[in-house]
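S.K.: 3D model of this:
(chains A and B)
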Amino acid sequence: MPLRVVRSGALPPALNMGLDEALLVTPGPSTLRLYSWDPPGVSLGYFQASGPAAAVTERHDLVRRLTGGGAIHHDREITFALTADLDLVPHGVEDLYVLIHDAVASALRRCGVAARRVPGGPPTKPRPDEWWCFAQAGAFDLVTPEGRKIVGSAQRRTRRPHRRVLHHGSVVLSVPSGTPGCGAVDQQADLAQVTPTLWRALPDEIANALGLPGVTATLTQTETALGEELARTRYDDDAFTLRR
Amino acid sequence: MRPEDRHYLKSHEWCKIADGVATLGITDFAVSHLSDLVFLDLPAVGSTVTHGEPFGEIESVKAVSDLYSAVSGEVLEANDGLPENLELLNTDPFEAAWMIKVKLTDQSSDLLDAAAYEEHCKSEDQ
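M.R.: Okay, the predicted model is just below:
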């Protein structure tokens, strides 16, 4: 069974989140959707408090992700969302982070960008100190040689109606104002030159790591319609975004 | 062997029924596979849960997972201290780390006894 590769381009934050949820809940092939954000967005981790987002002064749309982790200022980045039956990917939460992040590190290397994976280990604190995901590197994140976080991920796992996973990842192209200390591709390479390569290399390497042939595709009408509905009814709704 | 005085779901929740009240929690297998737990959301007292549907959510290593109910009914009590003391799930998942108590009106037909759940865990680990 192939890995469906969907390059969505730049979409509004709520629609990006709606489409990813649609892909999680709709039975179907493993799908890797790659996208960016227009307008820029701030996404909250599923359990996070929304208050600190008010400190972001640039125009942005605020959304809450289905996945965990910390808040992300999505400005110039490539975001990817892998949705798959759990039977088709490594079962363990940490195993999937390792597989995906090693593949992303390979894709970055093809663009002349060095990144290494932070080793796993026992947690030192019960909860992370930082509200921003990219303010601090944690286990399994990808960091630059200087130790700045350049790639982070989070997951949502569900068993019903299907045992599936949504794995969100962000590859930072340029440092956003929300997390000025993080790493970015443009610190090591010319974005104009490497960005087109990265859009190809990311799905190539992730498909290879999963052992699935990557096939370029588009979303079905059903997936798109459900994504648009979820964007309206959930991700554009303050009752969901500001619930905490 | 896990406790035999209760039943289990394939999604790794346990359910202990006594005098029309079901106590729900998650198993040691679930805890070990989720690893470092950071957040837990439980339903409010007075709300209702439905068997086969999520009754709560838990986050570990930036991964959010649903918790599924083995029974239907009204939530009588929630273990309010648990979200701030998630270590209990590692040390005592079958007693101190219970999650909610439900006034039972219906229950799942997919409940496993301890022996069947043991086999299920082995198959998931393969």
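
S.K.: low-confidence ranges in chain A?
M.R.: Low-confidence segments of chain A, defined by pLDDT under 70: A:57, A:122-128.

S.K.: scratch that, chain B is what I was asking about
M.R.: Looking along chain B with the criterion set at pLDDT under 70, you get B:126.

S.K.: what about A:Pro161, neighbour count?
M.R.: The number of residues packed near A:Pro161 is 10, by other Cβ atoms under 10 Å in any protein chain shown. All C-beta spots, glycine's among them, are computed from the backbone N, C-alpha and C.

S.K.: do B:Lys62 as well
M.R.: That count, for B:Lys62 with other Cβ under 10 Å as the rule, works out to 28.

S.K.: measure it to A:Asp236 for me?
M.R.: Note on B:Lys62: its distance to A:Asp236, by Cβ to Cβ, to the nearest Å, is 24 Å.

S.K.: what's the answer for B:Met1, then?
M.R.: Between B:Met1 and A:Asp236 the distance is 50 Å, computed by Cβ to Cβ.

S.K.: for these two, indicate the residue with more neighbours.
M.R.: Neighbours were tallied for B:Met1 and for A:Asp236 using other Cβ under 10 Å; the higher tally belongs to A:Asp236 (18 against 7).

S.K.: that one and chain B, how far apart?
M.R.: Taking Cβ to the nearest Cβ, to the nearest Å as the measure, A:Asp236 falls 20 Å from chain B.

S.K.: doesn't A:Ala14 make contact with that residue?
M.R.: Yes: at 4.4 Å, A:Asp236 and A:Ala14 qualify as touching, with contact defined as Cβ atoms under 8 Å.

S.K.: would you mind listing what in chain B touches chain A?
M.R.: Where chain B comes near chain A, counting by Cβ under 8 Å from any Cβ of the partner chain, the residues are B:11, B:33-36, B:38-39, B:41, B:52-54, B:57, B:59-66, B:68, B:86-87, B:124.

S.K.: now those: which count as buried?
M.R.: B:11, B:33-36, B:38-39, B:41, B:52, B:54, B:57, B:59-66, B:68, B:86 (16 or more other Cβ atoms under 10 Å in any protein chain shown).

S.K.: now, those residues that are in strands?
M.R.: Members of those lying in strands (criterion: DSSP state E): B:Val38, B:Phe39, B:Asp41, B:Pro54, B:Glu57, B:Glu59, B:Ser60, B:Ala63, B:Val64, B:Ser65, B:Asp66, B:Tyr68.

S.K.: nearest to A:Ala192 among the residues you listed?
M.R.: Minimum distance to A:Ala192 across these is 35.3 Å, recorded for B:Ala63 (Cβ to Cβ).

S.K.: which residue is the nearest non-sequential neighbour of that closest one?
M.R.: Nearest residue to B:Ala63, sequence neighbours excluded (Cβ to Cβ, 6 or more residues apart in numbering or on different chains): A:Gln155, at 3.8 Å.

S.K.: cool, A:Lys149 as well?
M.R.: Excluding the flanking residues, the one nearest A:Lys149 by Cβ to Cβ, 6+ apart is A:Ala137, at 4.1 Å.

S.K.: and the residue nearest to B:Ala63, that's in a strand?
M.R.: Yes: using DSSP: H, G, I helix; E, B strand; the rest coil, the secondary structure at A:Gln155 is a strand.

S.K.: partner residues bridging it?
M.R.: Here A:Gln155 sits in beta bridges with A:His167, B:Ala63, going by DSSP bridges.

S.K.: number of nearby residues for it?
M.R.: Neighbourhood size, A:Gln155 [other Cβ under 10 Å]: 25.

S.K.: what about it, distance to A:Tyr97?
M.R.: 8 Å.

S.K.: isn't A:Gly45 up against A:Cys133?
M.R.: Yes: counting by Cβ under 8 Å, A:Cys133 is a contact partner of A:Gly45 at 7.2 Å.

S.K.: which residues do the two both contact?
M.R.: A:Gly69, A:Gly70, A:Ala71, A:Ala154 (Cβ atoms under 8 Å, 6 or more residues apart in numbering or on different chains).

S.K.: among the residues you listed, which pair sits farthest apart?
M.R.: A:Ala71 and A:Ala154 (10.8 Å).

S.K.: shared neighbours of the two, anything?
M.R.: Common contacts of A:Ala71 and A:Ala154, defined by Cβ under 8 Å, 6+ apart, comprise A:Gly45, A:Cys133.

S.K.: B:Asn79: what's it in contact with?
M.R.: The contact partners of B:Asn79, taken as Cβ under 8 Å, 6+ apart, are B:Leu42, B:Ala97, B:Trp98, B:Met99, B:Ile100.

S.K.: now, which of the residues you listed lie within strands?
M.R.: Judged by DSSP E, the subset of the contacts of B:Asn79 located in strands is B:Ile100.

S.K.: spell out the secondary structure type for the residue positioned nearest the centre of chain B.
M.R.: Central residue of chain B (Cα atoms, centre = their mean): B:Gly25, 2.6 Å from the mean position. Counting by three-state DSSP, the backbone at B:Gly25 sits in strand.

S.K.: list the buried residues of the helix ranked longest in chain A.
M.R.: Longest helix of chain A, by residue count under DSSP state H: helix A:191-210. For helix A:191-210, the buried set under the neighbour-count rule, 16+ other Cβ under 10 Å, comprises A:Val194, A:Thr195, A:Leu198, A:Ala201, A:Leu202, A:Pro203, A:Asp204, A:Glu205, A:Ile206, A:Ala207, A:Ala209, A:Leu210.
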